[in-house]
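Trainee: just coords:
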């Protein structure tokens, strides 16, 4: 899978690319079927909503779940990112975000690279966000909203918001958002399960609450250029990974055929990955 | 303005009717221009968001603001409601709802008639909700979401929710919503300023937060059939009106030409309208 020049131009201009139905229903089903068992686990990688026990985010499933370990090495996802960066990539973050029916909460406007720089000392915005829909995303279940072109301004001023969402986030003030939207508008890619979005680490995005009866579970990955690896291990290793080995892709049929993958955290999270350390190891 | 048989059929079936651009931009501007001064007033009719001083709802402006007093008597709004009920109507509730940019909060799934029955002892669901857009409503600024056909089941079980929204509301449980949506889906009418929605008092509706930089101010009216007036004055009079006199329409140009209207609360809200009384006067 090679991106066309029109696609790479669109990425430069808009800061994102949308691939509706990139993965087939039978491929996605193998992932979706695994999610309830992951969410049911009592492990620190499951972060729950402010109210109730609903899982909002599961971290690092590629280190203890075979289907997700194979997804983490899928060429349809990894190759376009390598092409855009022109070098190998490693897995900086791996999340399954359950913006669940009725309970899914708001994410305020933010840039992911703000967090990567402030918390992880990632040198440049050379890490790509990847969203893969496990459920249909429609106008009612809290789709990701992007401000096209907002990645071009680099890192915007942000405040550390620890109250209005379940997860601490560097959020951007209202005046800046109003100006960016006046120029670029807002888009919210919608599509069936198996659709994929690639978006720049500086692209400003948000999502509203999900009041609908439709779950909106997505896999969010951040693939970082290997040379751009993080310099600080302030956040736990299951949130910001410390293994900078380049991802080696499996064949294109790796979701439906069984290929051997290592599952190093299958029996639990290593103690040293549970806490932060101000210096890299 | 007479509704066609197709329109009255659609209302019976779906529980709502949408009239894009029913009012002209110059008519709407006269209303919008009045809103900041109303919101700036320190009076009990201004209810503010959970956080900050942003006004979420202004009540009863038709009793102290001339442009809104004329809107309350507008034939394009009143006549279709009289036609559907087959009798005169009075103003049960008059709100300007500011689902403001960035701060506009969630309204959970509910039916308005649940509140009217439980709190106000309104005998039947013969009061019509009317929404008139003062701002454009789009997919990003928290449009009203309806479940078509959900009005046919009458009053659904509901819990009194006093925590998740700024305003106490009888909200419907998740299982019921899931079943209703499986049958009727969800719609969210969107359109320019001046658009109007009529919707049944039992139509289940909700709206998400407004994270966009676009205000979404709307006028929400509830017009009750005169014979169906409320029997209890539990809520303050500025929320659930106690004057059951039939609305007498002004001419169609009443927003742009000056017609005399009485403004009985111009110098303040009468003391007896500020509190509830368990018995009607």
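Mentor: Received the coordinates, thanks. Please read these numbers as outputs of a predicted model, since none were measured by experiment.
Trainee: can you pull the buried residues of stretch A:184-198?
Mentor: Using 16 or more other C-beta atoms under 10 Å in any protein chain shown as the test for burial, stretch A:184-198 gives A:184, A:186-191, A:193-198. For the C-beta atoms, the positions are set from N, CA and C on the backbone; glycine is no exception.
Trainee: which stretches of the stretch 151-281 of chain A have low pLDDT?
Mentor: Along the stretch 151-281 of chain A, segments meeting pLDDT under 70 span A:161-169, A:278-281.
Trainee: of the buried residues of stretch A:184-198, which belong to helices?
Mentor: For the buried residues of stretch A:184-198, membership in helices holds for residue A:184, with DSSP state H as the criterion.
Trainee: would you list the buried residues of stretch A:184-198 in a markdown table and tack on distance to chain B?
Mentor: Putting the buried residues of stretch A:184-198 into a markdown table (distance: C-beta to the nearest C-beta, whole Å) gives the following:
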| residue | distance to chain B |
| --- | --- |
| A:184 | 12 |
| A:186 | 5 |
| A:187 | 10 |
| A:188 | 7 |
| A:189 | 12 |
| A:190 | 10 |
| A:191 | 15 |
| A:193 | 18 |
| A:194 | 22 |
| A:195 | 18 |
| A:196 | 21 |
| A:197 | 17 |
| A:198 | 22 |
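Trainee: from the buried residues of stretch A:184-198, which is closest to residue A:123?
Mentor: Top of the list for closeness to residue A:123, among the buried residues of stretch A:184-198 and by C-beta to C-beta, is residue A:198 at 20.6 Å.
Trainee: shouldn't the closest one be in contact with residue A:79?
Mentor: No - the pair residue A:198 and residue A:79 fails to qualify as a contact (C-beta atoms under 8 Å) at a distance of 11.2 Å.
Trainee: among the buried residues of stretch A:184-198, which one lies nearest to residue B:48?
Mentor: Among the buried residues of stretch A:184-198, residue A:186 lies closest to residue B:48 (C-beta to C-beta), at 26.3 Å.
Trainee: which ones are touching that closest one?
Mentor: When contacts are counted by C-beta atoms under 8 Å, 6 or more residues apart in numbering or on different chains, residue A:186 is found next to A:145, A:146, A:147, B:140, B:212.
Trainee: residue A:246 now?
Mentor: Taking C-beta under 8 Å, 6+ apart as the definition of contact, the neighbours of residue A:246 are A:88, A:89, A:90, A:226.
Trainee: check residue A:212 too.
Mentor: For residue A:212, the contacting residues are A:101, A:102, A:138, A:140, A:141, A:142, B:145, B:181, B:186, taking C-beta under 8 Å, 6+ apart as the criterion.
Trainee: mind doing that once more with 7 Å?
Mentor: Neighbouring residues of residue A:212 by C-beta atoms under 7 Å, 6 or more residues apart in numbering or on different chains: A:101, A:140, A:141, B:186.
Trainee: dump those residues to a markdown table, plus distance to residue B:63 and secondary structure.
Mentor: Written out in a markdown table, the entries for the contacts of residue A:212 read as follows (distance: C-beta to C-beta, whole Å; DSSP: H, G, I helix; E, B strand; the rest coil):
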| residue | distance to residue B:63 | secondary structure |
| --- | --- | --- |
| A:101 | 41 | coil |
| A:140 | 36 | coil |
| A:141 | 40 | coil |
| B:186 | 35 | coil |
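Trainee: okay, who's weakest in those residues by pLDDT?
Mentor: Confidence by pLDDT is poorest for residue A:101 among the contacts of residue A:212, given 79.
Trainee: residues in contact with that residue?
Mentor: So, once contact is read as C-beta under 7 Å, 6+ apart, residue A:101 ends up touching A:210, A:212, A:213, A:214, A:215.
Trainee: quick one: contacts for the third one?
Mentor: What it means is residue A:213. Taking C-beta under 7 Å, 6+ apart as the definition of contact, the neighbours of residue A:213 are A:101, A:102, B:174, B:177, B:178, B:181.
Trainee: next, it: secondary structure please.
Mentor: Three-state call for residue A:213 (DSSP: H, G, I helix; E, B strand; the rest coil): coil.
Trainee: neighbours around the closest residue to it other than its chain neighbours, how many?
Mentor: Once flanking residues are discounted, residue A:213 sits nearest to residue B:178: 3.9 Å by C-beta to C-beta, 6 or more residues apart in numbering or on different chains. Applying the criterion other C-beta atoms under 10 Å in any protein chain shown, we find 14 residues in the vicinity of residue B:178.
Trainee: now swap in residue A:131 and tell me
Mentor: The local packing count at residue A:131 equals 22, with neighbours defined by other C-beta under 10 Å.
Trainee: against chain B, how distant is it?
Mentor: Going from residue A:131 to chain B by C-beta to the nearest C-beta, to the nearest Å gives 18 Å.
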